[in-house]
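Undergrad: After the sequence you'll find the predicted model.
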Amino acid sequence: MKALARIAVLSLAFVVGAAQAQQILIDQPIRAGELTLFPSYQDPDVYYYVLDKARLATDENGRPQFSLLRYVQNVESAADQPDADTGDGGAILHALVTLEVTQDQLREAQRELERARSGARIEGPVVYRSGRFALISAFADEEGELTEQVLGVGNAPILDGQKAAVSLLLSRQGSRILWQSFQTATPDISFSFEMELDGYRSPQQGVIEANFDQIYEYDGFNVGLASQFLAAEIQGSFEDLTRSGAIKVTQVGDDDKVEELLDIAYRKLTEAMFEPVSTNSPSLSSLSNAAGGQQSMLDRATTMLSASRQEARSENERIRRENREAQERAERADRENEAPVAERSADEQDTERTAELAQQAEQAERRAQQLREAAERLAESDPESAAVFREAADGADSQAATLRRIASEASSSDENAEPEREEPELQDEETVPAFAIVASYQMKRVRQRGNWRIDLNKYTADSLTLRFDENIGDLRAYLDDEAHFRQVNLDDPLYRQRQIAVFLDGMNANDFGDFVNFVTVQMRKRHESGEPTYDETRIDRNNFNAEGNAFSLLYGWKGDEDRNRWLDYDYRTMWSFHGGYSVEQDWTTADFGAISVAPAIVKRQLQIEADPSVLSDANVRAVTVRIYYPLGEQARVEQVTLNTASGSPSTVVDFLAPVDSYSYEYEITWLRRGAPSLNSGRQTGSDSVLFVDEIPEA
């Protein structure tokens, strides 16, 4: 209890100071109970625990701070489409998540730590530098197969008990799948975390070098300052640059340390070249919308998640296969060793053991030689590191001498000693990655230049990325609680709007070119409160062609409790004709969802016809026809001439008339060969065909 009390008291103090310098060794974690612990850099008996226990946050009443709202919006089909049997919709998910370690987990970890290392104690929590988390679920792809997708991301909590929020918008199909998934004890939706913590790494015999000029010329990095990069994308680019030689790692000693050194190099280079895009959670639009021809951030994260998981699964299959082969070899060796010891001579046993020890001694001697060569290269540029290499070389020589002494003793060991069983060395499987968008970065405006070098033969400040996942949990107990799960139809009066279709009746684009400049349609909606809504649309030849004679007016819901009266509205039109003439119509009340607009003045066509033989017998050379028609207060005249020499005296004349009138006035003049002209005088007509071969007597 005293240890736990000390943890509780010191945790706050640790949190305050950890931001300045977190004194832990991030390359020496241990497991105690359910917790991961890191030792103190200054005191080997002091440990700090990792906050990696995620769950849905709860309110003061213990209820989960989570909601899923499914919505649907009724839609109408277009005239050229089949009737829609489903509406548009989707879902909005909102959740608060927290990282928290319980007192029971701390007690168990403290007990195991004391059993393993007497006097050791847990001082407090590790404080993360930053962190991101995502919601991941499975959705059907284009081929109907379920595939895991990154749905949304947010900034993770970094302190014990702190809460962080994430909200995301789901498609109609996604909302269906997720709604059904919440009917199960383990819904197919999980929190995936990637957390960054600072600390120190123990000295390693290695040097990292990089050429910044070559790195910035890499295709993936010369796309501009405004481009955003995922952390995994940056690492992939660094791997390519390592293969090309722009990034080099010199490792002295065991080759199994190379991967660790490369990870350190990539993190250091990322810090030198990039900076986080923002400390805030990215908006849904920035995550889901593509820019500059790239995939969206969520799509890129999902693609990398799938690729990295497949790579890890393939690697694990190889590891399992090699582990099985190693176990089979060990079992065969056991069966061979079961033979009587007498069958194997003492000389054979001594020879095998001596050869093995001699080989290990030779390896130690080669390692000592490599260390001395490295010390000579560094003697002038870095005397301190050179001294460390020489000391390590002396240690390797000492190890070689010890091995040779043991080999000598082994050659004279008891000839009847039973050979020890050699346990197979099994490889650990890789952790299948769960998350691929730990953070988004942008390139720093001030670029690094020249060569970059870092010597790791000392305690080195570094950062570590920790990954862990947690299912959202069983929420079936809240399915009937509308505070957490709700389905709504957005056909709510408050959100209602009415779109009135407008089209021109019996007109085409040529009409605008012939006699109409434009028409303006105005709408007025008087709401129950007395407040009016106005809207208008202007139709001319250009937008008539572009819109295909399909226009609209719009008004919304403003306290209109009477749904029937809400349908009523007024409209009027104003027509502008060629010649500066305009007609403004009165307000008309309507309640239909479409307005068929027709002008008060329409174009009429009058067919002019004559029998050529009649005109020829009357010695008529040409016929002139004048059509008189009023347009407002002005009188208009259209004139055409028929030439009998053409052999087909027929033509059409256009004139304007009120929509309910077909009358016009006309005057015909016959021009005769060698005789005075004849004139009909001004006449009134209403027929659509005017015959001009009825010649009056002279």
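TA: Nice, thanks for sending it over.
Undergrad: who's in contact with residue 528?
TA: Neighbouring residues of residue 528 by Cβ atoms under 8 Å, 6 or more residues apart in numbering: 559, 560, 561, 562, 565. Quick note: C-beta positions are derived from backbone N, CA and C, even for glycine.
Undergrad: How much space separates residue 240 from residue 265?
TA: 14 Å (Cβ to Cβ, to the nearest Å).
Undergrad: hang on, the earlier thing: inside helices: which ones of the contacts of residue 528?
TA: Here DSSP state H is the test, and the contacts of residue 528 give residue 565 as lying in helices.
Undergrad: Which PyMOL command selects the buried ones in the contacts of residue 528?
TA: Provided next is the PyMOL selection string for whichever of the contacts of residue 528 are buried by 16 or more other Cβ atoms under 10 Å:
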select buried, resi 560
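Undergrad: want to throw the contacts of residue 528 into TSV with pLDDT?
TA: TSV is the format used below for the contacts of residue 528 (pLDDT from 0 to 100):
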residue	pLDDT
559	79
560	82
561	81
562	82
565	86
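Undergrad: Looking at residue 240 and residue 265, which has the bigger crowd around it?
TA: residue 265 (23 against 13; other Cβ atoms under 10 Å).
Undergrad: what about the residue nearest to residue 675 when sequence neighbours are not counted, neighbour count?
TA: Closest residue to residue 675 apart from its sequence neighbours, by Cβ to Cβ, 6 or more residues apart in numbering: residue 619 at 6.5 Å. As a burial measure, residue 619 scores 14 neighbours (other Cβ under 10 Å).
Undergrad: And residue 680, by the same measure?
TA: That count, for residue 680 with other Cβ under 10 Å as the rule, works out to 16.
Undergrad: quick one: secondary structure of the closest residue to it other than its chain neighbours?
TA: Counting by Cβ to Cβ, 6+ apart, residue 668 is the residue found nearest to residue 680 once chain neighbours are left out, at 4.2 Å. With DSSP: H, G, I helix; E, B strand; the rest coil as the basis, residue 668 sits in strand.
Undergrad: Mind jotting down where the helices sit in the stretch 51-200 of the chain?
TA: With helices called from DSSP state H, counting those that start in this stretch, the stretch 51-200 of the chain shows them at 103-116, 172-181.
Undergrad: sorry, back to before: shared neighbours of residue 240 and residue 265, anything?
TA: Common contacts of residue 240 and residue 265 (Cβ under 8 Å, 6+ apart): none found.
Undergrad: Just list the residues touching the nearest residue to residue 620 once chain neighbours are set aside, thanks.
TA: Spatial nearest neighbour of residue 620, excluding adjacent residues (Cβ to Cβ, 6+ apart): residue 670 at 4.9 Å. With contacts defined as Cβ under 8 Å, 6+ apart, the neighbours of residue 670 are 615, 618, 620, 622, 623, 677, 678, 679, 692, 695.
Undergrad: So which of those residues sit within helices?
TA: residue 615.
Undergrad: Just the buried residues from the contacts of residue 670, in ChimeraX please.
TA: In ChimeraX, this line selects whichever of the contacts of residue 670 come out buried by 16+ other Cβ under 10 Å:
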select :615,618,620,622,623,678,692,695
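Undergrad: Pick the one among the contacts of residue 670 closest to residue 521.
TA: Proximity of these to residue 521 (Cβ to Cβ) peaks at residue 692, which lies at 40.8 Å.
Undergrad: what sits against the closest one?
TA: 608, 609, 610, 623, 625, 642, 649, 668, 670.
Undergrad: For residue 561, see how far away it is.
TA: 66 Å.
Undergrad: What of residue 204?
TA: 76 Å.
Undergrad: What of residue 656?
TA: Applying Cβ to Cβ to residue 656 and residue 561 gives a distance of 46 Å.
Undergrad: Same check on residue 533?
TA: In terms of Cβ to Cβ, residue 533 sits 16 Å off from residue 561.
Undergrad: Now flag whichever of the contacts of residue 528 is closest to residue 663.
TA: For the contacts of residue 528, the nearest to residue 663 is residue 565 (42.1 Å; Cβ to Cβ).
Undergrad: Which of the three states applies to the closest residue to the closest one other than its chain neighbours?
TA: Leaving aside its sequence neighbours, residue 565 sits nearest to residue 528 (Cβ to Cβ, 6+ apart; 6.9 Å). Following three-state DSSP, we place residue 528 in the coil state.
Undergrad: got the phi/psi numbers for residue 528?
TA: phi -60, psi -30 (degrees, to the nearest 10).
Undergrad: what does residue 158 give?
TA: According to degrees, to the nearest 10, residue 158 has phi -120, psi -10.
Undergrad: Got the confidence number for the closest residue to it other than its chain neighbours?
TA: Distances taken as Cβ to Cβ, 6+ apart place residue 128 nearest to residue 158, at 4.1 Å, with adjacent residues excluded. With respect to pLDDT, residue 128 scores 84.
Undergrad: Quick check: residue 128 touching residue 51?
TA: Yes. Under the criterion of Cβ atoms under 8 Å, residue 128 is in contact with residue 51, at a separation of 7.3 Å.
Undergrad: Tell me which of the two has more neighbours.
TA: Using other Cβ under 10 Å as the criterion, residue 128 and residue 51 rank with residue 51 on top: 28 against 22.
Undergrad: What does the pLDDT read for that one?
TA: According to the prediction, residue 51 has pLDDT 87.
Undergrad: ok, it to residue 201 distance?
TA: For residue 51 relative to residue 201 (Cβ to Cβ), the value is 21 Å.
Undergrad: likewise residue 242?
TA: From residue 242 to residue 201 the distance is 19 Å (Cβ to Cβ).
Undergrad: out of the two, which sits in the more crowded spot?
TA: The residue with more neighbours, out of residue 242 and residue 201, is residue 201; 21 against 16, by other Cβ under 10 Å.
Undergrad: Which residues does that one form beta bridges with?
TA: Legend: beta-bridge partners of residue 201 under DSSP bridges are residue 460.
Undergrad: That one contacts residue 456, doesn't it?
TA: Yes. The criterion here is Cβ under 8 Å, and residue 201 meets it with residue 456 at 7.3 Å.
Undergrad: if we can go back for a sec, hey, least reliable of the helices of the stretch 51-200 of the chain by pLDDT?
TA: Minimum mean pLDDT among the helices of the stretch 51-200 of the chain: helix 172-181, a mean of 79.
Undergrad: Mind giving me the packing neighbours of that one?
TA: strand 66-73, strand 88-99, strand 130-140 (3 or more Cβ pairs under 8 Å, 6 or more residues apart in numbering; DSSP states H and E).
Undergrad: would you turn those into CSV with distance to residue 662?
TA: Converted to CSV, these look like this (distance: least, Cβ to Cβ, whole Å):
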stretch, distance to residue 662
strand 66-73, 49
strand 88-99, 49
strand 130-140, 64
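Undergrad: Could you work out the end-to-end span of stretch 522-541 for me?
TA: This stretch, stretch 522-541, spans 18 Å end to end (Cα to Cα, to the nearest Å).
Undergrad: mean confidence for it?
TA: Rounded mean pLDDT across stretch 522-541 is 91.
Undergrad: What of stretch 477-494?
TA: Stretch 477-494 shows an average pLDDT of 81 in the prediction.
Undergrad: List the buried residues in it.
TA: 478, 484, 485.
Undergrad: Quick one: residues in contact with that stretch.
TA: 63-64, 66-74, 87, 89, 182-183, 475, 557, 560, 563.
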